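Engineer: Sequence plus the predicted model coming up.
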Amino acid sequence: MKKMIFLFVATLFIAVAANAQESKGKNGIVELPIPHKVENIVMEDLNGDDKKMPFWGEKHLLIFYVDPDKAKQNEDFTYEIEYNHAASGDNIEGFGIINLKDSWYPIPNSAVRSIAKKRTEKNGALILTDPDRRLAKAWGLGDCNNKFVMLLISREGELVFCRKGEFTEQDKADFYEIIKKYR
């Protein structure tokens, strides 16, 4: 009888632990519903130095949070946005954040940063890095591995748009609809 009670308790414990693990999501990151309030957090610049996100509370932020493995995912759409000036305006600032933790590349983060530095010297883009999924964890983005993630943060600090992975036509239409409110 004691063995059966022990097995029952052990099975119950395992089931509860597995359920708790599932609610956290992959990589221990809980995914929160959109919209929700987020805080400005410290990322790293391309030199590996701590840096808070620029223009926080001053402008709406369009952030491209990219796993280096999927840097070209949605490339046509990002060019379309740039070409049509869909996300441009006095009230919006855009920049990229490289999700270093989920990269499968067998090269060190310093090499990824070096490559990004060379590219930004040519195009003048602002790029930050996330060495340990701190953005995904702090903002409740869920699993961002192998995904191109587009985020829109209102000047009030609310995450109002989040799409991950290969964008559908509906994702694109949703982006164009919401960006109108923030231009």
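Structural biologist: Okay, I see it. No experiment lies behind these values; they were computed from the predicted model shown.

Engineer: For Trp104, give me its contacts.
Structural biologist: Listed by CB atoms under 8 Å, 6 or more residues apart in numbering, the contact set of Trp104 reads Asp69. From N, CA and C alone the C-beta is placed, and that goes for glycine too.

Engineer: Could you check how far Gln89 is from Val149?
Structural biologist: Just to correct that, residue 89 is Gly rather than Gln. 22 Å (CB to CB, to the nearest Å).

Engineer: tell me the SS of Tyr65?
Structural biologist: Look at Tyr65: counting by DSSP: H, G, I helix; E, B strand; the rest coil, its state is strand.

Engineer: That one contacts Leu128, correct?
Structural biologist: No: using CB atoms under 8 Å, Tyr65 makes no contact with Leu128, being 9.7 Å away.

Engineer: who's more crowded, Gly89 and Val149?
Structural biologist: Set Gly89 next to Val149 and count neighbours by other CB atoms under 10 Å: Val149 wins out with 23 against 13.

Engineer: So that one, which state does it fall into?
Structural biologist: strand.

Engineer: In the chain, where is pLDDT below threshold?
Structural biologist: 1-30, 105-106 (pLDDT under 70).

Engineer: let's see 80
Structural biologist: Applying pLDDT under 80 to the chain flags the ranges 1-30, 86-88, 103-110, 122-124.

Engineer: Where do the strands of it begin and end?
Structural biologist: 36-37, 42-44, 50-52, 60-66, 92-99, 127-130, 148-153, 158-164 (DSSP state E).

Engineer: possible to save the ones you listed as CSV with distance to Ala138?
Structural biologist: Converted to CSV, these look like this (distance: least, CB to CB, whole Å):
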stretch, distance to Ala138
strand 36-37, 11
strand 42-44, 10
strand 50-52, 12
strand 60-66, 12
strand 92-99, 12
strand 127-130, 10
strand 148-153, 12
strand 158-164, 11
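
Engineer: How about the contacts made by the residue positioned nearest the centre of the chain?
Structural biologist: Against the mean C-alpha coordinate of the chain, by CA atoms, centre = their mean, the closest residue is Tyr65 at 4.1 Å. Contacts for Tyr65 (CB under 8 Å, 6+ apart) come out as 96-97, 99, 130, 135-136, 141, 144, 148-151.

Engineer: with those residues in mind, which one is nearest to Asp50?
Structural biologist: Of all the contacts of Tyr65, Asp50 sits closest to Asp130, with 11.8 Å by CB to CB.

Engineer: I'd guessed that closest one sits against Asn99; true?
Structural biologist: Yes: here Asp130 lies in contact with Asn99, judged by CB under 8 Å, at a distance of 5.3 Å.
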